[in-house]
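All I have is the shape, not the residue letters:
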C-alpha cells in the first residue's frame with residue numbers, strides 16, 4: 001500500500017528526472033505502520049559520471065552568477081519551503097516518524113537557515129593588504145571550490161540537507177546531493193523547490209544508491225573538490241580517510257554523546273522537565289541530544305524521580321496523531337540497539353528506572369527510558385544511544401563532573417545547569433566540546449556555528465563559518481608596471 005500524497009522518488013541529473021521504473025530499487029517504509037510509501041531508484045556507475053559532468057558544467061556558469069542573483073534564488077527557495085510547509089512536514093513524518101509539530105518546526109527552521117545564508121552569501125568578502133613596496137597591490141579573494149558531494153542523514157532530512165545545499169549554492173559551488181535512503185521525501189522537496197525558484201539545471205543533482213559505490217566513485221573523481229557529511233563516527237572516519245587520500249576538502253559533523261552537568265543550586269523538577277522535552281525530541285535521534293546526565297549529590301534524589309515522572313507522561317504514537325509527543329524510531333535496527341543497551345545496563349548492575357521495552361507489535365516504537373548507574377562502565381555511558389534512553393549518574397564536585405564529561409573521545413554538544421556564574425564559566429572553559437549551552441538549549445541557530453571537535457568531526461555548518469569549507473583563498477600580488 002502506498003500513500004497517494006507521498007512524492008515520487010527520482011534521481012535528478014542536469015534537470016533530467018529518472019524514476020524507479022526498470023531498475024534496481026529500494027522500498028521506502030513508514031516506521032509507524034511499516035507500510036511501503038514508495039520505491040527509490042538506485043543510480044548506476046555510468047550515471048554517477050553523468051552527475052559529476054552535469055555538476056561541473058553547471059559550475060562553469062554558476063560561479064560567475066552574481067552573489068546578489070544567487071541570493072535572490074535562495075530567498076525564493078525559502079519562500080517556497082514556507083508555502084509548502086504542511087505537505088513537506090507531513091511527508092517527513094511519514095518516512096521518518098517524528099511528530100508532525102516537530103516536522104513543521106524543521107521545515108520552518110530550514111527556511112530560516114536558507115534566508116540567513118542567502119543574505120550572508122552576499123558578504124563573502126576579500127580584502128586589500130597593505131604593501132611594503134610602492135606600486136604593488138596585494139589582494140585576497142575568495143573563490144568557490146567547485147563541485148561538492150553532500151551526504152545528509154535521516155534524522156533531520158530537510159534541515160541537515162539544507163545546511164549543505166544553502167552553504168554550497170550561496171558560495172557559488174554546485175552539488176551532488178545524496179540523502180538518506182530511509183527519508184527521501186525531504187530531498188525531493190528541496191529539488192522541486194529549487195527548480196521552481198529558478199536554480200539552473202545541474203547546480204543540484206540528486207543521487208540515490210549504494211553508499212560505498214557513491215563515496216568511492218565520487219571522492220576519487222578529480223572534478224569533486226569537497227565532501228560534507230553528517231552521520232556516524234565510523235562512517236565519517238572512513239570518508240575522511242578517503243577525502244584525505246585524494247586531498248578533498250571535508251566538513252564532518254559526526255556523532256556525540258552529550259554530557260549534561262546538573263548542579264545542586266538549580267530547581268531539579270524544572271530542569272528534569274526541560275531535559276525531557278529536549279532528550280525525547282525526535283525520539284532521541286539527535287546528534288546533540290543530551291544523553292549522559294551527571295547530577296550533583298544535593299539534588300540527585302529529587303531529580304531522578306522528577307525525570308522518571310516526566311518521561312512516563314510522554315505520549316508515544318504515530319506522528320500524524322496530534323496527541324503524539326514522541327514518534328517511532330526510524331527502523332527496527334534502532335529498536336534493537338536500544339534493547340541491547342538496556343540489556344547491558346541491567347546485566348552490569350544499573351537500574352532501569354522506567355521504560356526499557358518495545359511498544360506494540362507494529363511500528364518501531366520504544367518506551368522513553370531512564371537508566372540510573374553509579375559509574376561509567378556500562379555501554380550507555382560510552383556509546384551514543386541515538387534513541388529515547390537517558391542515563392543518570394551522581395557526582396560530588398565540579399572536578400569530578402568535568403573529568404567524567406570529558407572522558408570520551410566525542411566533542412559535539414554539552415549542557416550545564418547552574419545558578420552560579422563561577423560554575424558556568426568554569427564549565428564553559430573546561431568542557432571539551434564544539435558547543436556548550438548553559439541553562440537552556442541554545443544550539444543550531446542559522447547564525448551560530450554548529451560543529452564538533454575530536455571524534456565528533458570538524459568544520460561548521462552555521463554562522464559565517466559555514467562558508468569556509470566551500471571557498472578557496474587566493475592571494476594576488478600585482479605591480480602596476482612590469483619590472484624593467
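Thanks, I have the structure now. This one's a predicted model, so the numbers in the text were calculated from it and none came from an experiment.

neighbours around the closest residue to residue 65 other than its chain neighbours, how many?
Once flanking residues are discounted, residue 65 sits nearest to residue 172: 7.3 Å by CB to CB, 6 or more residues apart in numbering. Heads up, the C-betas are built off the backbone N, CA and C, glycines and all. Under the neighbour criterion other CB atoms under 10 Å, residue 172 is assigned a count of 25.

How about the contacts made by the most centrally placed residue in the chain?
Of all residues in the chain, the one closest to the mean position by CA atoms, centre = their mean is residue 160, 4.3 Å from it. If you count contacts by CB atoms under 8 Å, 6 or more residues apart in numbering, residue 160 has them with 152-153, 230, 253.

if we go to 10 Å?
By CB atoms under 10 Å, 6 or more residues apart in numbering, the contact set of residue 160 is 106, 110, 150-154, 179-180, 186, 228, 230-231, 253, 287, 444, 450, 461.

Quick one: mean pLDDT over the host helix or strand of it.
Assigned by DSSP states H and E, residue 160 belongs to helix 159-171. Regarding helix 159-171, the rounded mean pLDDT is 98.

and that helix, how far from the chain's centre?
The chain centroid and the centroid of helix 159-171 are separated by 12 Å, computed with CA atoms, centre = their mean, to the nearest Å.

next structured bit after it?
strand 174-178.

for that following strand, packing partners?
helix 45-62, strand 147-151, helix 159-171, helix 185-197, strand 204-207, helix 211-220, strand 224-230 (3 or more CB pairs under 10 Å, 6 or more residues apart in numbering; DSSP states H and E).

cutoff 6 Å now
Packing partners of strand 174-178 (3 or more CB pairs under 6 Å, 6 or more residues apart in numbering; DSSP states H and E): helix 45-62, strand 147-151, strand 204-207.

Deepest-packed of the ones you listed, please.
Most buried of those, by mean neighbour count (mean count of other CB atoms under 10 Å): strand 147-151, with a mean of 27.

Note down every partner strand of that strand and its orientation.
strand 174-178 (parallel), strand 224-230 (parallel) (DSSP bridges).

Just put the ones you listed in a markdown table and tack on distance to residue 349 and mean pLDDT.
Converted to a markdown table, those look like this (distance: least, CB to CB, whole Å; pLDDT from 0 to 100):
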| stretch | distance to residue 349 | mean pLDDT |
| --- | --- | --- |
| strand 174-178 | 43 | 98 |
| strand 224-230 | 35 | 98 |
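
Same list (those strands) but as CSV, adding distance to residue 121 and mean neighbour count.
Shown next, in CSV, are the strands paired with strand 147-151 (distance: least, CB to CB, whole Å; neighbours: other CB atoms under 10 Å):
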stretch, distance to residue 121, mean neighbour count
strand 174-178, 14, 25
strand 224-230, 16, 24
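
Report the contact partners of the residue nearest to residue 249 when sequence neighbours are not counted.
Distances taken as CB to CB, 6+ apart place residue 226 nearest to residue 249, at 3.7 Å, with adjacent residues excluded. Residues in contact with residue 226, defined by CB atoms under 6 Å, 6 or more residues apart in numbering, are 145, 148, 248-249.

most neighbours, which of the residues you listed?
Most neighbours among those, by other CB under 10 Å: residue 148, with 30 neighbours.

From what I see, it and residue 171 are in contact.
No: using CB atoms under 6 Å, residue 148 makes no contact with residue 171, being 8.9 Å away.

all helices for the chain, in order.
For the chain, helices defined by DSSP state H occupy the ranges 45-62, 67-83, 85-96, 100-120, 159-171, 185-197, 211-220, 233-245, 268-279, 297-312, 332-347, 398-405, 421-430.

among those, which is the most enclosed?
Mean neighbour counts for the helices of the chain (mean count of other CB under 10 Å) peak at helix 159-171, with a mean of 27.

Quick one: neighbours of the nearest residue to residue 141 once chain neighbours are set aside, just the number.
Spatial nearest neighbour of residue 141, excluding adjacent residues (CB to CB, 6+ apart): residue 126 at 4.0 Å. Residue 126: 14 surrounding residues under other CB under 10 Å.

Spit out the contact partners of residue 126.
Applying CB under 6 Å, 6+ apart to residue 126 gives the contacts 140-142.

Mind giving me the ChimeraX select for these, buried ones only?
Written as a ChimeraX command, the selection of buried residues from those, which uses 16 or more other CB atoms under 10 Å, is:
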select :142
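
and the residue nearest to residue 213 when sequence neighbours are not counted, what pLDDT?
Nearest residue to residue 213, sequence neighbours excluded (CB to CB, 6+ apart): residue 45, at 6.6 Å. Per-residue confidence at residue 45 stands at 96 (pLDDT).

what separates residue 45 from residue 391, distance-wise?
44 Å (CB to CB, to the nearest Å).

same check, this time on residue 214
Per CB to CB, residue 214 is found 35 Å from residue 391.

What of residue 474?
49 Å.

Same question for residue 236.
Relative to residue 391, and taking CB to CB, residue 236 is found at 24 Å.

cool, and residue 73?
The spacing between residue 73 and residue 391, counted by CB to CB, is 46 Å.

Inside strands: which ones of the contacts of residue 126?
Mapping those onto strands (DSSP state E) picks out 140-142.

of these, closest to residue 243?
residue 142 (21.0 Å; CB to CB).

Show the pLDDT at the closest one.
pLDDT, residue 142: 97.

Test my guess that it contacts residue 471.
Yes: assessed by CB under 6 Å, residue 142 is found in contact with residue 471 at 4.4 Å.

Closest to residue 19 out of the contacts of residue 126?
Closest to residue 19, out of all of these and judged by CB to CB, is residue 142, at 38.9 Å.

check contacts around the closest one.
Residues counted as contacts of residue 142 (CB under 6 Å, 6+ apart) are 124, 126, 471.

leaving aside the residues next to it on the chain, what's closest to the first one?
To tie it back to what came earlier, the one meant is residue 124. Per CB to CB, 6+ apart, closest to residue 124 is residue 142, 5.2 Å.

Is there a neighbour count for residue 264? I'd like the number.
By other CB under 10 Å, 17 other residues sit near residue 264.

Distance of it relative to residue 165?
Counting by CB to CB - residue 264 and residue 165 are separated by 45 Å.

related to what we said a few turns ago, bridging across strands, which residues link to the residue nearest to residue 124?
What pairs with residue 142, by the bridge criterion (DSSP bridges), is residue 473.

This protein - how does it break down into domains?
According to automatic domain parsing, the chain comprises the domains 11-254+456-474, 258-445.

So which of those domains is nearest residue 483?
Among the domains of the chain, the nearest to residue 483 by CB to CB is domain 11-254+456-474 (10.3 Å).

where's residue 274 relative to residue 415, distance?
Look at residue 274 and residue 415: by CB to CB, they are 10 Å apart.

Residue 42 now?
Taken as CB to CB, the span from residue 42 to residue 415 is 40 Å.

So between the two, which is more surrounded?
Legend: neighbour count by other CB under 10 Å for residue 42 and residue 415, higher for residue 415 (30 against 18).

What separation do you get for that one and residue 96?
24 Å.

Same question for residue 366.
15 Å.

before we move on, back to that, dump the helices of the chain to CSV, plus distance to residue 483.
Listed next are those as CSV, based on distance: least, CB to CB, whole Å:
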stretch, distance to residue 483
helix 45-62, 34
helix 67-83, 35
helix 85-96, 60
helix 100-120, 40
helix 159-171, 36
helix 185-197, 49
helix 211-220, 43
helix 233-245, 40
helix 268-279, 64
helix 297-312, 74
helix 332-347, 67
helix 398-405, 59
helix 421-430, 52
